[in-house]
Structure formats: structure tokens, C-alpha cells
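[1] here is my input, please return the structure:
(one chain, ligands or ions: 3)
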Amino acid sequence: MIQPRSVAVGGAHPYTISIGPGLLDDTALLAGTLRGDAFVISDDQVAPLYLQRVVEALSRARPGGRIGHWVLPAGEASKTLARFGEAIAAIAEAGLRRDATVYALGGGVVGDLAGFAAAAWMRGIDCVQLPTTLLAMVDSSVGGKTAVDLPQGKNLVGAFHPPRAVLADTGALRTLPPRELRAGLAEVVKYGAIVDAPFLDWLEANADALLAGDDAALAEAIARSCAHKAAIVERDPYEHGDRALLNFGHTFGHAIETGQGYGGLNHGEAVAVGMVQAARLSERLGLAPAADTARLRALLQRFGLPVSPPPGLDADALLAHMRLDKKAQSGGLRFIVWDGAGRARVLAGVPEATVRAVLAGD
Ligand SMILES: NC(=O)c1ccc[n+]([C@@H]2O[C@H](COP(=O)([O-])OP(=O)(O)OC[C@H]3O[C@@H](n4cnc5c(N)ncnc54)[C@H](O)[C@@H]3O)[C@@H](O)[C@H]2O)c1
Ligand SMILES: O=C(O)C(=O)C[C@@H](O)[C@H](O)[C@H](O)COP(=O)(O)O
Ligand SMILES: [Zn+2]
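    Residues are numbered from 1 along each chain as shown. Ligands and ions are numbered 1, 2, ... in the order given. Modelled structure (predicted):
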């Protein structure tokens, strides 16, 4: 039996990340997150699996309370301003007041969109993240970045809105499609790559267990990832400094997702490719040894993730998307590079010609 764990996120708006099996049914935990009405937002693949359980647990947590829900089509293509508008319309229809809580039940798409709706409704009501993908458990449910995509770029419209609580029910991973488990492992690898080289050793040693869905290995990977993310966002909630390290691989990855119209590689896969590109960029700039790129590539491949860009993407279009990356400044693009495994940093002034060479595979 896997013991539940928790990770505290401090700062101006502290909250707890609870990790363990059965949390979607945990009436006591849910009761502690609920002040007024509850409104669950989910997608049409997660809702048939878990919505009823959550609604029933919320009913037990607050007998007689009003519990509404709204379900959007699954997938990145739903993370749009139009769907955000629909979510707000559903919230308005439900008549949520300022003491209401939005529950984001699903992966990062649901978490980002529902979080943004909670941030915007009446200028901000509580949001509780109930992540059901590995990626959402290790990354998107934590830290308060909420957003939707535009055709011009990822997450371009959004707000920082920290959750009131995160309840990661590891039992939900049992129904997660293997492709989505692998996508989550990309963001897990990211923590090792940016700040924790020994974690990469651990991931190499436990790769088979993680891929097999071993409960203990997954719980350890989630807790360790959340501890890293919590420490970083606690220090720098609004990304004025080293929170940007969490964007390792994302300048390339987001450009790929946008270039594919949010219908090709999923986020974790694009980040896997992007991290290899960032390592290759670091290598080209003379910052890190080729051996570290090779190690990163091998680990991602072991996790069944892509490590090179899909064919047919135009370098000019990718660079145009990168110029709208949120790390870019008037002085140009900024990248997260590394000096080797576990040692990432922000770098400004990277010549576009060098980026083009990396995109060209040189
Ligand atoms: N806010 C942040 O800090 C942050 C961090 C990382 C990623 N993100 C965002 O998160 C999104 C990606 O999230 P994701 O990878 O979770 O994708 P996702 O939300 O699209 O979920 C992936 C798929 O898995 C299905 N699914 C979810 N849980 C399931 C379960 N338990 N059983 C069966 N199916 C399940 C979903 O319906 C969906 O089809 C991207 O939009 C990305 O930009 C945000
Ligand atoms: O929490 C963060 O900060 C991150 O950068 C985590 C990323 O994994 C995530 O994909 C995030 O949504 C990217 O943020 P963005 O500011 O580049 O849109
Ligand atoms: Zn990400």
C-alpha cells in the first residue's frame, strides 16, 4: 500500500499538494477546500471515468451544497479563448459567487483553462486542481500558471492564479493511456535536467518500473518533481528570475506545438524534443559537453519519447513563434540552456543564426 505524501508550497498564497491513491474520494480533504458552491470542470474523456466520484465526494463534503459541472472536448485544441468563453458562460449560468470553488478535474488542458476561468470570474475565485495525468500531477497543477493558447503561440492569454489545493490521486494513472504517461515523464526528466542530476541517475535506474506504471516508482517521481517545482515557484512565483528554468525545452517545444496547430506532438512530447534542442544549443555555444546531450537523448528515448522535430516544420515559422515566447525581451530571444546535467540557466543574446543551425540539425 502506497502511503499518501504531501508537499507544501509556501509564499503569499500557501497550499498543499497531496499525493496518493483515492484522493478523488477523500471527503475530508475535499471538505477542507470548499467554502461555498462547487463547480467541476473536466473533459469528455476524464468525466466518464471520474466526474461522478468527485461530485459524490463533494456532496458528502458539503451536504445540501450546490455542485455544478461543465465538460469540454478533450485535447490541446480545446485550450482556446472560445472554450474559455464557454466555461465562463457555464459559470455565470451556475451563478457562482465569490466563495465558490472551481475544481479542475483532468490533465493540464483542463487545469490551465479551468484555472484561468477561476482567475477571471469576479476577478478571482478559488480553484482546486485535481490532476489526472502524470504531467498535470508533476507540473501543471502546481505553481498557478493558467492560460489558453492562441494561433500565434502557446499560453499567450492567461493569469497567475495559485490553486487553493492540489489533490493528485495517483489511482487515476491506472486509466491513463501509455502515450500520456510517457508525455508526463518528459516533464519529470526536466527537473533532473535543470536542477537535480542525481534524479537523472534515479530515473535511469527506475525507467522500467515507471513505464510499467509501478505505484511506488510513480509516487516517488511525482513527489520529487513537486518538491522541485514547489521550491522554485515559492522563490519566484511570477517568473522574474529562475522560475524560467522550468521552461527548459519549451522555447523550441512550444514553437513546435504552435507550428503543428496544436494537433501534432502533445506538450510532453514537444518538450522532449525541445530539451534535446536546448542541449544541442548549449553544446553549440560551447557551454556543455556532447556527452550530456547524448545522455538526455537516451533517457528520453528509453521513455519512448521523440527526440527530433517532426518533418515539415518551417524554420522561419518556428522562429516567428519563438519571438512571441514569454521569455523573449526587446533585446531578443532568451533560452534556457545548461552547463551540463542539473545545471540550467537563462541565457540572453543567443544569435538567431545559431538557433537556425540547431533547427536545421547541424
Ligand atoms: N500551467 C503549467 O504550469 C503547465 C505545466 C505543464 C504543462 N501545461 C499545459 O498542460 C497541457 C498538457 O497537459 P496534459 O499532458 O495533461 O494533457 P491533457 O490535459 O490534454 O490530457 C491528455 C489526455 O489524457 C486524457 N486523460 C487525462 N487524465 C486521464 C486519466 N486519468 N485516464 C484516462 N485519460 C485521461 C485527457 O482526456 C486527454 O485526452 C498543455 O496545454 C500544457 O501547455 C501547463
Ligand atoms: O510553471 C512554469 O513556470 C513552467 O514553465 C512549467 C512548464 O512546464 C509549462 O509548460 C508552462 O505552462 C509554460 O509556461 P509559459 O510561461 O512558457 O507558457
Ligand atoms: Zn511544460
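
[2] pLDDT (mean, whole number) over the helix or strand hosting Ala291?
    Ala291 is part of helix 290-302, with elements assigned from DSSP states H and E. Averaged over helix 290-302, pLDDT sits at 98.

[3] right, is the helix or strand following it up against ligand 1?
    Going down the chain from helix 290-302, the next helix or strand is helix 315-323, by DSSP H and E. No: under the criterion of Cβ under 6 Å from any ligand atom, ligand 1 is not reached by helix 315-323; the shortest gap measures 13.7 Å. In short, each C-beta sits where N, CA and C put it, glycine included.

[4] neighbouring contacts of helix 315-323?
    Where contact means Cβ atoms under 8 Å, 6 or more residues apart in numbering, the residues beyond helix 315-323 that reach it are 152-153, 251-252, 254-256, 258-259, 328, 333, 352, 355-356, 359-360.

[5] in the next helix or strand after it, which residues are buried?
    Reading on from helix 315-323 to the C-terminus, the next helix or strand found by DSSP H and E is strand 334-338. Neighbour counts over strand 334-338 (16 or more other Cβ atoms under 10 Å) mark Arg334, Phe335, Ile336, Val337, Trp338 as buried.

[6] redo the residues you listed as TSV? Include distance to ligand 2 and pLDDT.
    Conversion of the buried residues of strand 334-338 to TSV gives the following (distance: Cβ to the nearest ligand atom, whole Å; pLDDT from 0 to 100):
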residue	distance to ligand 2	pLDDT
Arg334	11	94
Phe335	12	97
Ile336	9	98
Val337	15	98
Trp338	15	98
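
[7] nearest to ligand 1 among those residues?
    Ile336 (14.3 Å; Cβ to the nearest ligand atom).

[8] show me what contacts that closest one?
    When the contact criterion is Cβ under 8 Å, 6+ apart, the partners of Ile336 are 194, 244-245, 247-251, 278, 327, 344-347.

[9] now those in TSV, with secondary structure, distance to ligand 1 and neighbour count?
    Conversion of the contacts of Ile336 to TSV gives the following (DSSP: H, G, I helix; E, B strand; the rest coil; distance: Cβ to the nearest ligand atom, whole Å; neighbours: other Cβ atoms under 10 Å):
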residue	secondary structure	distance to ligand 1	neighbour count
Ile194	helix	14	27
Ala244	helix	12	21
Leu245	helix	13	21
Asn247	helix	10	24
Phe248	coil	12	28
Gly249	coil	11	29
His250	helix	9	25
Thr251	helix	13	25
Ala278	helix	16	30
Lys327	coil	14	16
Ala344	strand	16	27
Arg345	strand	20	16
Val346	strand	17	16
Leu347	strand	22	17
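
[10] that older thread, please indicate which of the contacts of helix 315-323 are buried?
    Using 16+ other Cβ under 10 Å as the threshold, Gly153, Thr251, Phe252, His254, Ala255, Ile256, Thr258, Gly259, Leu333, Val355, Leu359 are the buried ones among those.
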